[in-house]
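> Test case, fold it:
(one chain, ligands or ions: 1)
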Amino acid sequence: MSKLLDEMNALAAEISVCRECMLHLTRDKAVPGEGNVRTKILFIGEGPGANENATGRPFVGQAGNFLNQLIGIAQLKRQEVFITNVVKCRPPSNRDPLPEELSACAKYLNRQIELINPLIIVTLGRFSMARYFPLQRISAIHGQGQWINDRLIIPMFHPAAALHQPSLRSAIEHDFALIPGYLEQAKERFEPKPAPEEKPAAAEAAAPAPQEPESGEASQLSLF
Ligand code: URA
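This is a model prediction of the structure:
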(Lines give C-alpha, C1' and ligand atoms only; values in the text may rest on other atoms or scores of the structure.)
Protein backbone atom coordinates (compact mmCIF):
# COMPACT_ATOMS: atom_id res chain seq x y z
CA MET A 1 0.00 0.00 0.00
CA SER A 2 1.27 3.52 -0.75
CA LYS A 3 2.23 6.05 1.91
CA LEU A 4 -0.59 8.37 0.81
CA LEU A 5 -3.19 5.62 1.14
CA ASP A 6 -1.76 4.60 4.52
CA GLU A 7 -2.05 8.18 5.74
CA MET A 8 -5.60 8.58 4.42
CA ASN A 9 -6.62 5.29 6.08
CA ALA A 10 -5.00 6.30 9.37
CA LEU A 11 -6.90 9.60 9.22
CA ALA A 12 -10.18 7.78 8.49
CA ALA A 13 -9.55 5.51 11.49
CA GLU A 14 -8.96 8.56 13.68
CA ILE A 15 -12.19 10.18 12.42
CA SER A 16 -14.20 7.02 13.07
CA VAL A 17 -13.45 7.20 16.83
CA CYS A 18 -13.44 10.99 17.16
CA ARG A 19 -15.21 12.44 20.23
CA GLU A 20 -14.38 16.09 19.75
CA CYS A 21 -17.94 17.33 19.46
CA MET A 22 -21.39 16.23 20.60
CA LEU A 23 -22.20 14.58 17.26
CA HIS A 24 -20.27 11.47 18.33
CA LEU A 25 -23.00 10.77 20.91
CA THR A 26 -25.73 10.30 18.28
CA ARG A 27 -23.84 8.85 15.34
CA ASP A 28 -23.88 5.22 14.30
CA LYS A 29 -20.93 5.53 11.94
CA ALA A 30 -18.66 8.47 11.23
CA VAL A 31 -18.29 9.15 7.51
CA PRO A 32 -14.69 10.13 6.72
CA GLY A 33 -15.11 10.20 2.93
CA GLU A 34 -14.20 7.91 0.07
CA GLY A 35 -12.76 7.81 -3.42
CA ASN A 36 -9.52 8.10 -5.31
CA VAL A 37 -6.88 9.64 -3.06
CA ARG A 38 -4.83 10.61 -6.12
CA THR A 39 -7.66 12.51 -7.74
CA LYS A 40 -7.35 16.11 -8.83
CA ILE A 41 -11.01 16.82 -7.94
CA LEU A 42 -12.35 16.84 -4.40
CA PHE A 43 -16.08 17.23 -3.67
CA ILE A 44 -17.04 18.60 -0.24
CA GLY A 45 -20.63 18.26 0.96
CA GLU A 46 -22.28 19.26 4.21
CA GLY A 47 -22.67 16.27 6.52
CA PRO A 48 -23.91 12.68 6.57
CA GLY A 49 -27.65 11.96 6.41
CA ALA A 50 -29.45 8.83 7.62
CA ASN A 51 -28.11 6.47 4.93
CA GLU A 52 -24.57 7.74 5.30
CA ASN A 53 -24.75 7.43 9.10
CA ALA A 54 -25.90 3.81 8.72
CA THR A 55 -23.26 2.80 6.14
CA GLY A 56 -20.27 5.03 6.94
CA ARG A 57 -20.13 6.13 3.26
CA PRO A 58 -20.75 9.65 1.89
CA PHE A 59 -23.59 10.50 -0.48
CA VAL A 60 -25.26 7.08 -0.73
CA GLY A 61 -28.91 8.16 -0.42
CA GLN A 62 -31.11 10.02 -2.89
CA ALA A 63 -28.79 13.03 -2.98
CA GLY A 64 -25.92 10.61 -3.58
CA ASN A 65 -27.66 9.05 -6.60
CA PHE A 66 -28.18 12.53 -8.00
CA LEU A 67 -24.53 13.44 -7.27
CA ASN A 68 -23.46 10.31 -9.20
CA GLN A 69 -25.53 11.55 -12.18
CA LEU A 70 -23.97 15.00 -11.89
CA ILE A 71 -20.46 13.51 -11.79
CA GLY A 72 -21.43 11.74 -15.03
CA ILE A 73 -22.49 15.09 -16.53
CA ALA A 74 -18.97 16.30 -15.64
CA GLN A 75 -17.68 13.38 -17.76
CA LEU A 76 -16.18 11.75 -14.67
CA LYS A 77 -16.78 8.56 -12.72
CA ARG A 78 -17.43 8.53 -8.99
CA GLN A 79 -14.42 6.26 -8.44
CA GLU A 80 -12.14 8.87 -10.06
CA VAL A 81 -12.91 11.59 -7.51
CA PHE A 82 -12.85 11.91 -3.71
CA ILE A 83 -16.01 12.84 -1.81
CA THR A 84 -16.19 14.07 1.77
CA ASN A 85 -18.13 16.49 4.01
CA VAL A 86 -17.41 19.45 6.28
CA VAL A 87 -18.72 17.44 9.24
CA LYS A 88 -18.05 13.74 9.39
CA CYS A 89 -20.92 12.73 11.73
CA ARG A 90 -24.65 13.13 11.18
CA PRO A 91 -26.29 16.14 12.79
CA PRO A 92 -29.47 14.82 14.49
CA SER A 93 -32.58 15.07 12.27
CA ASN A 94 -30.32 16.48 9.52
CA ARG A 95 -30.19 19.89 11.19
CA ASP A 96 -27.51 22.35 10.08
CA PRO A 97 -24.07 21.72 11.58
CA LEU A 98 -23.33 24.08 14.50
CA PRO A 99 -20.30 26.43 14.45
CA GLU A 100 -18.55 24.39 17.17
CA GLU A 101 -19.12 21.17 15.19
CA LEU A 102 -17.72 22.76 12.03
CA SER A 103 -14.66 24.01 13.85
CA ALA A 104 -14.06 20.71 15.70
CA CYS A 105 -14.15 18.84 12.39
CA ALA A 106 -12.16 21.37 10.31
CA LYS A 107 -8.81 19.81 11.19
CA TYR A 108 -9.86 16.55 9.49
CA LEU A 109 -10.97 18.28 6.30
CA ASN A 110 -7.81 20.42 6.30
CA ARG A 111 -5.69 17.28 6.56
CA GLN A 112 -7.64 15.55 3.77
CA ILE A 113 -7.10 18.54 1.49
CA GLU A 114 -3.40 18.61 2.37
CA LEU A 115 -2.98 14.89 1.63
CA ILE A 116 -5.05 14.74 -1.56
CA ASN A 117 -3.71 18.09 -2.75
CA PRO A 118 -6.51 18.53 -5.31
CA LEU A 119 -6.29 20.96 -8.14
CA ILE A 120 -10.07 21.53 -8.09
CA ILE A 121 -12.39 21.63 -5.07
CA VAL A 122 -16.12 21.51 -5.76
CA THR A 123 -18.10 22.75 -2.76
CA LEU A 124 -21.64 21.37 -2.46
CA GLY A 125 -23.95 23.69 -0.58
CA ARG A 126 -23.40 26.74 1.58
CA PHE A 127 -21.44 25.22 4.48
CA SER A 128 -18.53 24.02 2.37
CA MET A 129 -18.77 27.15 0.19
CA ALA A 130 -18.39 29.28 3.35
CA ARG A 131 -14.86 27.92 3.90
CA TYR A 132 -13.76 29.81 0.78
CA PHE A 133 -16.40 32.49 0.20
CA PRO A 134 -17.78 33.35 3.65
CA LEU A 135 -19.49 36.55 2.57
CA GLN A 136 -21.03 35.36 -0.69
CA ARG A 137 -24.44 33.98 -1.55
CA ILE A 138 -24.51 30.70 -3.40
CA SER A 139 -27.26 31.96 -5.72
CA ALA A 140 -24.84 34.67 -6.91
CA ILE A 141 -21.65 32.65 -7.44
CA HIS A 142 -22.66 29.03 -8.19
CA GLY A 143 -20.68 27.51 -11.04
CA GLN A 144 -18.08 30.29 -11.02
CA GLY A 145 -14.65 28.82 -10.34
CA GLN A 146 -12.07 31.00 -8.62
CA TRP A 147 -8.37 30.32 -8.07
CA ILE A 148 -7.47 30.42 -4.40
CA ASN A 149 -3.89 29.44 -3.47
CA ASP A 150 -3.37 27.44 -6.67
CA ARG A 151 -6.62 25.53 -6.37
CA LEU A 152 -9.69 26.17 -8.46
CA ILE A 153 -12.66 26.37 -6.07
CA ILE A 154 -16.04 25.86 -7.72
CA PRO A 155 -19.11 26.54 -5.56
CA MET A 156 -22.16 24.45 -6.49
CA PHE A 157 -25.68 24.14 -5.11
CA HIS A 158 -26.15 21.17 -2.79
CA PRO A 159 -27.53 18.19 -4.77
CA ALA A 160 -30.25 17.58 -2.15
CA ALA A 161 -31.52 21.17 -2.54
CA ALA A 162 -31.35 20.97 -6.31
CA LEU A 163 -33.04 17.58 -6.55
CA HIS A 164 -36.55 18.83 -5.88
CA GLN A 165 -36.42 22.37 -7.26
CA PRO A 166 -36.56 22.42 -11.06
CA SER A 167 -34.77 25.78 -11.40
CA LEU A 168 -31.89 24.71 -9.14
CA ARG A 169 -31.76 21.33 -10.83
CA SER A 170 -31.16 22.79 -14.27
CA ALA A 171 -28.63 25.25 -12.79
CA ILE A 172 -26.62 22.52 -11.06
CA GLU A 173 -26.68 20.34 -14.19
CA HIS A 174 -25.44 23.28 -16.21
CA ASP A 175 -22.71 24.01 -13.62
CA PHE A 176 -21.44 20.43 -13.55
CA ALA A 177 -21.22 20.48 -17.35
CA LEU A 178 -18.62 23.26 -16.92
CA ILE A 179 -16.23 20.99 -15.00
CA PRO A 180 -14.44 19.49 -18.06
CA GLY A 181 -13.63 23.05 -19.22
CA TYR A 182 -12.35 23.97 -15.75
CA LEU A 183 -10.16 20.85 -15.80
CA GLU A 184 -8.68 21.96 -19.12
CA GLN A 185 -8.08 25.40 -17.66
CA ALA A 186 -6.35 23.89 -14.64
CA LYS A 187 -4.17 21.64 -16.81
CA GLU A 188 -3.26 24.65 -18.93
CA ARG A 189 -2.18 26.56 -15.78
CA PHE A 190 0.12 23.78 -14.62
CA GLU A 191 1.16 22.38 -18.02
CA PRO A 192 1.21 25.47 -20.25
CA LYS A 193 1.44 24.68 -23.96
CA PRO A 194 4.62 26.02 -25.60
CA ALA A 195 4.06 29.31 -27.41
CA PRO A 196 3.59 28.61 -31.16
CA GLU A 197 6.78 30.44 -32.18
CA GLU A 198 8.91 28.45 -29.73
CA LYS A 199 11.14 25.77 -31.32
CA PRO A 200 10.70 22.62 -29.20
CA ALA A 201 14.45 21.68 -29.21
CA ALA A 202 15.59 25.13 -28.11
CA ALA A 203 12.79 25.34 -25.56
CA GLU A 204 13.86 21.98 -24.13
CA ALA A 205 17.49 23.02 -23.82
CA ALA A 206 16.52 26.25 -22.05
CA ALA A 207 13.91 24.72 -19.77
CA PRO A 208 14.83 24.32 -16.12
CA ALA A 209 14.70 20.78 -14.72
CA PRO A 210 11.14 19.93 -13.70
CA GLN A 211 10.52 20.49 -10.01
CA GLU A 212 9.84 17.36 -8.00
CA PRO A 213 6.46 17.73 -6.33
CA GLU A 214 6.57 17.44 -2.53
CA SER A 215 4.75 14.16 -2.76
CA GLY A 216 5.01 12.28 -6.04
CA GLU A 217 1.58 10.80 -5.48
CA ALA A 218 -0.06 14.16 -4.92
CA SER A 219 1.47 15.75 -8.01
CA GLN A 220 -0.65 18.43 -9.63
CA LEU A 221 0.87 17.70 -13.00
CA SER A 222 -1.20 14.73 -14.02
CA LEU A 223 -4.94 14.40 -13.78
CA PHE A 224 -5.94 10.97 -12.42
N1 URA B 1 -25.52 15.26 2.05
C2 URA B 1 -24.26 15.65 2.32
O3 URA B 1 -23.94 16.83 2.36
N4 URA B 1 -23.36 14.70 2.51
C5 URA B 1 -23.62 13.42 2.44
O6 URA B 1 -22.70 12.61 2.62
C7 URA B 1 -24.94 13.05 2.13
C8 URA B 1 -25.88 13.98 1.95
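
> For this protein, which segments count as strands?
Under the criterion DSSP state E, strands of the chain are mapped to 34-35, 41-45, 82-85, 120-124, 146-148, 151-156.

> Residue 185: how many residues sit nearby?
14 (other CB atoms under 10 Å). Where you see a C-beta, it was placed from the backbone N, CA and C, and this is true even at glycine.

> what about the residue lying closest to it once chain neighbours are set aside, distance to residue 141?
Closest residue to residue 185 apart from its sequence neighbours, by CB to CB, 6 or more residues apart in numbering: residue 152 at 7.2 Å. Between residue 152 and residue 141 the distance is 13 Å, computed by CB to CB, to the nearest Å.

> Over to residue 174?
Distance, residue 174 to residue 141, by CB to CB: 14 Å.

> Please name the residues that touch the residue in the chain positioned nearest to the ligand.
Nearest residue of the chain to the ligand, counting by CB to the nearest ligand atom: residue 45, 2.9 Å away. Shown in contact with residue 45 (CB atoms under 8 Å, 6 or more residues apart in numbering): 58, 59, 67, 83, 84, 85, 86, 124, 125, 128, 158, 159.

> make it 6 Å
Neighbour list for residue 45: 85, 124 [criterion: CB atoms under 6 Å, 6 or more residues apart in numbering].

> hey, what's it bridged with?
residue 85 (DSSP bridges).

> In the longest helix along the chain, which residues are buried?
Ranked by residue count, the top helix of the chain under DSSP state H comes out as helix 99-116. Buried residues in helix 99-116, counting neighbours by 16 or more other CB atoms under 10 Å, are found at 101, 102, 104, 105, 108, 109, 112, 113, 115, 116.

> is it true that the third one touches residue 21?
Yes: taking CB atoms under 6 Å as the contact criterion, residue 104 and residue 21 are neighbours in contact, 4.0 Å apart.

> Need the strands of the chain in JSON lines (columns: distance to residue 15 and mean pLDDT).
Listed next are the strands of the chain as JSON lines, based on distance: least, CB to CB, whole Å; pLDDT from 0 to 100:
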{"stretch": "strand 34-35", "distance to residue 15": "12", "mean pLDDT": "98"}
{"stretch": "strand 41-45", "distance to residue 15": "14", "mean pLDDT": "98"}
{"stretch": "strand 82-85", "distance to residue 15": "10", "mean pLDDT": "98"}
{"stretch": "strand 120-124", "distance to residue 15": "19", "mean pLDDT": "98"}
{"stretch": "strand 146-148", "distance to residue 15": "25", "mean pLDDT": "97"}
{"stretch": "strand 151-156", "distance to residue 15": "22", "mean pLDDT": "98"}
